[in-house]
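Enquirer: pasting the sequence and the predicted model now:
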Amino acid sequence: MIKKFLDLGLQPLANKYQKKPTKLSVSKGQLYNLNVSFNTKSKLVSISKRIPSEKMFNSKYPYRSSMSHTMRTSFKNLSKKIKKKFKPDLLLEIGSNDGALIKNFKKENVIGVEPCKNLAKITKKDGFLIYAQYWNFDLVKKIKKRFNSVDVIYSANTITHINDLNNVFKSINYLLSNEGILIIEDPSLLECLKKNSYDQFYNEHIYLFSALALKNLLSKFGFEIFDIENLSTHGGSLRYYIKRKTNKKQKISSRLNIQIKNEIKFGLHKFEAYKKFSVNVLKSKIKLLQILNKIKNDKKKILGYGATAKAVTVLNYCNINKDLIYNFTDTTPEKINKYMPGKNIKILRYNKNILKNYDYVFLGAWNFKKEIIKKEKKFVKKGLRFITHIPFPRILS
Ligand code: DWN
């Protein structure tokens, strides 16, 4: 049974930054109702509304993986690990974005699949083989004809963005070699519930995986998880190492059982945990609005730092307008001088003095809190204060 547990109200498409302030409407398909549900049988958590991929991931997609030091380092370290542990002759990345991972491999050892043509272009220009297409069985038949099989398939923050998971895993199954390894990395549902990070839910995040749900899903395709890593990236992610059940070369790590035990202990297999989460989400909204309104009444100015997809969920769920957060700032060229969808707050180009015009910073990119605060420490010394809503709204001391 599919049971709804969270209603985040009317939301715009998260990465659709507006060129000018625009009143969005439901009838034009610019706003949709963001509800989140739990499948009591498969344990899969997903949003109810499905937006066609072409509307979300196209030649105007603004998110670039390489924009933070944290992510560049994470991909670099992972590539070293993959080379050492699995020694792939050929690795394929599903959702290679602007090449943050594949740039760490030799061109002849790697293939990227990236449907956002603006991003695919960046790595193609550097000479990498990129299929600027969606990951599906039709594409995979083409790749198989040319390469026969692939030793490692890697995908970060992409599988959860694809509606048809059966097609995803059928395609992987067709292309991965017999002893091949599949590595998937996505935000962890357990961390999301623990941190109360409801902003992980938006149109692109169709699913939020737990090890419990993924284990069930993979089993249908003859795959099993043999190791798991908890990562701090994107507010707490899980990296799943997956093999065919028939492959006895890789031993099953105890870390898998530990993760599953932790998920069950928290109650991820039962609806009650999700109901509790939704109560906490409402409390978070009330508290954040109290903080922002107090600052407004004190006539102080707030800047949003990191015009993230997550921040779009927060602004629209909490009804935060320009009177509460005056501007956002971001380093991503595609976002600069545009407006936060639904709330029309302008995104300014980041420069190292931008914070001097503000009294408070709201961490839109709270997942990069450490990196950002370190970068801006001279302003902190001068009295600038940071606000975060994760795991609960507060002004950081
Ligand atoms: O899954 C997804 C994740 C991986 O990325 C996508 N569906 C969309 C996107 O989500 P997001 O926008 O919430 O991602 P981030 O990685 O939290 O975005 C960080 C934003 O903050 C980027 O626009 C870059 C910006 N930034 C900045 O301006 N200065 C980041 C840092 C660290 C900085 O110092």
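Expert: Received, thanks. Residues are numbered from 1 along each chain as shown.

Enquirer: shouldn't residue 266 be in contact with residue 191?
Expert: No. Residue 266 is beyond contact range of residue 191, at 10.2 Å (criterion: C-beta atoms under 8 Å). Just so you know, the C-beta spots here come from the backbone N, C-alpha and C atoms, and that holds for glycine as well.

Enquirer: which of the two has more neighbours?
Expert: Taking other C-beta atoms under 10 Å, residue 266 and residue 191 do not tie; residue 191 has more neighbours (21 against 15).

Enquirer: what helix or strand is the more buried one on?
Expert: Assessed by DSSP states H and E, residue 191 sits inside helix 189-195.

Enquirer: ok, and does that helix reach over to the ligand?
Expert: No. On the criterion C-beta under 6 Å from any ligand atom, helix 189-195 is out of touch with the ligand, staying 12.5 Å away.

Enquirer: can you tell me what sits against that helix?
Expert: Residues outside helix 189-195 that contact it (C-beta atoms under 8 Å, 6 or more residues apart in numbering) are 45, 197-198, 200, 208-210, 213, 230, 235-237, 259, 262-263, 266, 268, 273-274, 277, 390-391.

Enquirer: and stretch 26-33, by the same measure?
Expert: So stretch 26-33 is contacted by 7, 9-13, 16, 22, 24-25, 48-49, 51, 203, 342 (C-beta under 8 Å, 6+ apart).

Enquirer: for residue 279, grab the count of nearby residues.
Expert: 10.

Enquirer: which strands and helices sit next to the helix or strand harbouring it?
Expert: Using DSSP H and E, residue 279 falls within helix 271-297. Under the contact definition 3 or more C-beta pairs under 8 Å, 6 or more residues apart in numbering; DSSP states H and E, helix 271-297 sits against strand 2-12, helix 189-195, helix 309-318.

Enquirer: figure out how far that helix is from the centre of its chain.
Expert: 22 Å (C-alpha atoms, centre = their mean, to the nearest Å).

Enquirer: so for it, what's the average pLDDT?
Expert: What helix 271-297 shows for mean pLDDT is 98.

Enquirer: what residues of that helix count as buried?
Expert: Residues of helix 271-297 classed as buried by neighbour count (16 or more other C-beta atoms under 10 Å): 273-274, 277, 281, 284-285, 288, 291-292, 295.

Enquirer: and the ligand, which of those reach it?
Expert: Counting by C-beta under 6 Å from any ligand atom, no member of the buried residues of helix 271-297 reaches the ligand.

Enquirer: you'd agree residue 303 is in a helix?
Expert: No. Residue 303 is assigned strand when assessed by DSSP: H, G, I helix; E, B strand; the rest coil, not a helix.

Enquirer: hang on, isn't it packed against residue 356?
Expert: No. Contact criterion C-beta under 8 Å: residue 303 and residue 356 do not qualify, at 10.3 Å.

Enquirer: more neighbours: the two, which one.
Expert: Taking other C-beta under 10 Å, residue 303 and residue 356 do not tie; residue 303 has more neighbours (21 against 10).

Enquirer: bridged to that one, which residues?
Expert: residue 327, residue 361 (DSSP bridges).

Enquirer: got the contact list for it?
Expert: 325-329, 354-355, 357-358, 360-362.

Enquirer: separate out the buried members of those residues.
Expert: Buried among the contacts of residue 303 (16+ other C-beta under 10 Å): 325-329, 354-355, 358, 360-362.

Enquirer: show me what the helix or strand hosting residue 183 is packed against.
Expert: In the assignment (DSSP H and E), residue 183 maps to strand 176-187. Other elements packing on strand 176-187 under the criterion 3+ C-beta pairs under 8 Å, 6+ apart are strand 150-156, strand 237-244.

Enquirer: highest mean neighbour count out of those?
Expert: Looking across those with neighbours counted as mean count of other C-beta atoms under 10 Å, the highest average goes to strand 150-156: a mean of 24.

Enquirer: does any part of that one sit near the ligand?
Expert: No. Using C-beta under 6 Å from any ligand atom, strand 150-156 stays clear of the ligand, coming no nearer than 7.4 Å.

Enquirer: show me what from the stretch 51-200 of the chain comes close to the ligand.
Expert: So the stretch 51-200 of the chain meets the ligand at 63, 67-68, 157 (C-beta under 6 Å from any ligand atom).
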